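Asks: show me the folded form of this:
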Amino acid sequence: MSRPVLTTLLVANRGEIACRVMRTAKAMGLTTVAVHSATDRDSRHSREADIRVDLGGTKAAESYLLVDKLLAAAKASGAQAIHPGYGFLSENAGFARAIEQAGLIFLGPPASAIDAMGSKSAAKALMEAAGVPLVPGYHGEAQDVDTFRAAAERIGYPVLLKASAGGGGKGMKVVEEESQLADALASAQREAQSSFGDARMLVEKYVLKPRHVEIQVFADQHGNCLYLNERDCSIQRRHQKVVEEAPAPGLSPELRRAMGEAAVRAAQAIGYVGAGTVEFLLDARGEFFFMEMNTRLQVEHPVTEAITGLDLVAWQIRVACGEALPITQEQVPLIGHAIEVRLYAEDPANEFLPATGKLALYRESAPGEGRRVDSGVSEGDVVSPFYDPMLGKLIAWGEDREQARLRLLAMLDEFAIGGLKTNIAFLRRILAHPAFADAELDTGFIPRHQEVLLPAPNALPASFWEAAAEAWLQCQAGHQREDDRRSPWGERNGLRLGLPARTSLHLVSSGQDQAVALERSATSTYQLVGEQLVHDQAGVRRQHLAIRRGGTLYLHWDGEMHAIEAFDPIAEAEASHSHQGGLGAPMNGSIVRVLVEPGQVVEAGAALVVLEAMKMEHSIRAPHGGTVKALFCQEGDMVSEGTVLVELTE
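Replies: From the prediction side, this is the model:
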């Protein structure tokens, strides 16, 4: 049987995974094809492709999830193969079958394998038959609330509701007690339907202090299957991974072998082909329980590539073309240690709400040994509310875990993003935490150390405002009058005859404002050298990144990038007045439920409106008890960040 000819590859996805797949495809000499929605017409993945096809629409349901449009794009572009990336249709058996029926190559497993593992319930039944230990739970067909209530009582609270066809934390809720079950189930079902087109749920015991350890497996069409070591993905928030590393700290060779061999048996049992991941919960006693199998390439695959020196996308392409795996299990390398963090547009200080808007500033860390950035955006791009808010991933490799950790901290310090909120400072606090440095890992890491990782905002110190004012003035000095550069009116040196030189400014940053009076000092000087604000004080020199974009100065200070602007008292008063008594949308999104009506009396904490953004639901709750005076939205509305939704009186 002759091998299929592959010259052109279409990536049925967007963002950083589309860019990452195309990078390998181009290195292998293939022509790359990107598809994009109307929203993504000018996005980075579409710009980098050799050929681009416009799917139209704005939401995923109108573009990236339409099989007919994707197949038509492959035909129009001459692509012989389709890579699904992750998310969207990557684990959709119907999509895999449609590709095969169209005579194209699917860079993923057979549709039968996706069917077997695509439903968490069916997968757990298969694993139970194979003798793989499972977490106690209910995985049946009945989906009514009474069935789940009875199952939860039998299992014992707390329990975890999970979308049967899901992943990535979508459609997943922890339920602490019976009174929370009905609302949590309804919300999880809506999220699951929105994200995967399938509202079916399962429930299982919520294991306390577990580690999330997963095995990367790879199989070819000739019956060969091996595991490429493991990854620890225990650092999570809202059941979504934030930090991943390989190998898992503290895992003995015997336990690695046991988990790896179990993962291979699981893959072979369903006739698996290609890259896949078998996920386990690992408790403190060394017992592991099957959670699920992801029948696709994972977000965190770069850490596996870093410790093996392998290109998993290249393997996917070669295996799909009929080649055998190039090495045996005994030849799988394990070199050094790698850590990855996921960079999100979100506000950790506000319950990790997704952030949308224009990337006014985007500067990646410098390349170098053991450093890798997989991103899907560039400066000037717009982050929309319609898709996942992940901007990219930072990956560091080292000869040991500590070297990798320190390299990754340095990369985070070099990264510069402005225009919207991100989790960079939050990631830095995780990596710098002593418990993380000591590899004290489990899925409760973030809640346990929340006070350190998510500190309450403090007033910015006087030293910050002084540096901000100096940087502001020296950036402005670069914009002097073009008609007369020697004009004394263009100078900003604070000259006062007979008095010390002084300059006064009123600046605003991070919701705080400060009037600053600068005077020249013999012991403390600032100088802007390129984009570095150099501060000399008593013989000690420090540097802070300072970048001007339009009317905003971005200053890196104490591990965070701060946006600084001139204080406008009129605009500040207008903004305060417009929000008085009104509860606004925390982000762009769509209204999926309105739970109150005008005149209704509500208690503090009551859910008023449910907003969906980036495939997740967010409840707008009453900050205090009161009466709903007015509603300014209805179900189905698209709203912008800051739009007043509900007016609530005391």
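Asks: from Ala404, how far off is Ala410?
Replies: 11 Å (C-beta to C-beta, to the nearest Å). C-betas here are computed from N, CA, C, even on glycine.
Asks: okay, these two: which has more neighbours?
Replies: Between Ala410 and Ala404, counting by other C-beta atoms under 10 Å, Ala404 is the more crowded of the two (26 against 14).
Asks: just confirm the more buried one is within a helix.
Replies: Yes: when DSSP: H, G, I helix; E, B strand; the rest coil is applied, Ala404 is found to be in a helix.
Asks: what distance do you get for it to Glu369?
Replies: 12 Å.
Asks: which residues touch the nearest residue to Gly551 once chain neighbours are set aside?
Replies: Once flanking residues are discounted, Gly551 sits nearest to Glu565: 6.2 Å by C-beta to C-beta, 6 or more residues apart in numbering. Taking C-beta atoms under 8 Å, 6 or more residues apart in numbering, we find Glu565 in contact with Leu507, Val508, Ser509, Gly551, Thr552, Leu553.
Asks: strands of the stretch 251-400 of the chain, start to end?
Replies: Counting by DSSP state E, counting those that start in this stretch, the stretch 251-400 of the chain has these strands, from start to end: 274-282, 288-294, 337-344, 346-347, 353-354, 357-358, 361-363, 371-375, 382-383, 390-398.
Asks: now mean pLDDT too, for those, in JSON lines please.
Replies: Below are those laid out as JSON lines (pLDDT from 0 to 100):
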{"stretch": "strand 274-282", "mean pLDDT": "95"}
{"stretch": "strand 288-294", "mean pLDDT": "89"}
{"stretch": "strand 337-344", "mean pLDDT": "98"}
{"stretch": "strand 346-347", "mean pLDDT": "93"}
{"stretch": "strand 353-354", "mean pLDDT": "88"}
{"stretch": "strand 357-358", "mean pLDDT": "92"}
{"stretch": "strand 361-363", "mean pLDDT": "96"}
{"stretch": "strand 371-375", "mean pLDDT": "98"}
{"stretch": "strand 382-383", "mean pLDDT": "93"}
{"stretch": "strand 390-398", "mean pLDDT": "97"}
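Asks: any chance of the ones you listed in JSON lines, with distance to Gly223 and mean neighbour count too?
Replies: Supplementary listing: the strands of the stretch 251-400 of the chain in JSON lines, determined by distance: least, C-beta to C-beta, whole Å; neighbours: other C-beta atoms under 10 Å:
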{"stretch": "strand 274-282", "distance to Gly223": "14", "mean neighbour count": "24"}
{"stretch": "strand 288-294", "distance to Gly223": "19", "mean neighbour count": "22"}
{"stretch": "strand 337-344", "distance to Gly223": "30", "mean neighbour count": "25"}
{"stretch": "strand 346-347", "distance to Gly223": "44", "mean neighbour count": "22"}
{"stretch": "strand 353-354", "distance to Gly223": "44", "mean neighbour count": "24"}
{"stretch": "strand 357-358", "distance to Gly223": "50", "mean neighbour count": "15"}
{"stretch": "strand 361-363", "distance to Gly223": "46", "mean neighbour count": "18"}
{"stretch": "strand 371-375", "distance to Gly223": "32", "mean neighbour count": "18"}
{"stretch": "strand 382-383", "distance to Gly223": "44", "mean neighbour count": "20"}
{"stretch": "strand 390-398", "distance to Gly223": "32", "mean neighbour count": "24"}
